[in-house]
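S.K.: Provided below are the primary sequence and the corresponding predicted coordinates.
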Amino acid sequence: MTNMTNPENSTPTTTKPTPTPYDYHYLLQYVSSIGKDMYGRDYTIADIDKPIISRLLCYFLKDREVAAAEKIDLQKGILLMGPVGCGKSSIMKIMNNFCPAPDKPVFHSCNEIAIDFNTKGYETILKYTKGSFFPYTSIPRVHCFDDLGLEPPGYYYGNNSNVMAEILLSRYNYFTSCDMITHITTNLNTSELEAIYGNRIRSRMREMFNQIIFSNTSPDKRK
């Protein structure tokens, strides 16, 4: 990997410089370069998004000092929230370049999971919960569920199911017993999530996730 060490031994993500081996100014440039490779030459990082991306970087790089300063728990997953088109999904996929193989999240559309449930039933839920371990190990796989809250209700042989609620509840149990990490992107706010999934799930989500929120004024990158 390209040298990312910080010659000034500080990061711009906090008001008071925090000791760190990484150069966050360079890292943001590197993120932009990866984004151009993945999404085209028009990919850019808006100034308003830089603090959010810096927080994600310290999490995926496991930069403990900066994470502590930013009140990010490295033992939890990421709940990335923000307006439509602000770049949540794309930046999470870019972050795959900053973490070791076992920690690289596998990405799934919540909408596609719900549709998959309609044909395969509870086998779909097991795939992302009990079956979410590396073969012949007790090491859990990291999954990132994209666009939580926009999926349709699951329906299988006359049974209705809130598929993502079932998956999140089960992954919470594995989070507490096996350190299973989950990441989520969503356009919804916490009240809207609670309305869909209930207080029980919302309470567990507080334990499972670091909540990171793009500004409502973050520009729509799809325009």
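M.R.: Received the coordinates, thanks.

S.K.: check the secondary structure at the most centrally placed residue in the chain for me.
M.R.: Nearest to the mean C-alpha position of the chain, by Cα atoms, centre = their mean, lies His183 at 3.5 Å. Secondary structure of His183, reduced to three states by DSSP: H, G, I helix; E, B strand; the rest coil: strand.

S.K.: is it true that it touches Arg141?
M.R.: No. Taking Cβ atoms under 8 Å as the definition, His183 is not a contact partner of Arg141, at 11.6 Å. Just so you know, the C-beta spots here come from the backbone N, C-alpha and C atoms, and that holds for glycine as well.

S.K.: related to what we said a few turns ago, got a list of what the residue nearest to the centre of the chain touches?
M.R.: Neighbour list for His183: 77-80, 92, 105, 142-145 [criterion: Cβ atoms under 8 Å, 6 or more residues apart in numbering].

S.K.: and it, how far from Ala46?
M.R.: Taking Cβ to Cβ, to the nearest Å as the measure, His183 and Ala46 are separated by 22 Å.

S.K.: report all helices and strands that the lengthiest helix in the chain contacts.
M.R.: In the chain, assigned by DSSP state H, the helix with the most residues is helix 190-208. Taking 3 or more Cβ pairs under 8 Å, 6 or more residues apart in numbering; DSSP states H and E as contact, the helices and strands that helix 190-208 lies on are strand 77-81, helix 163-178.
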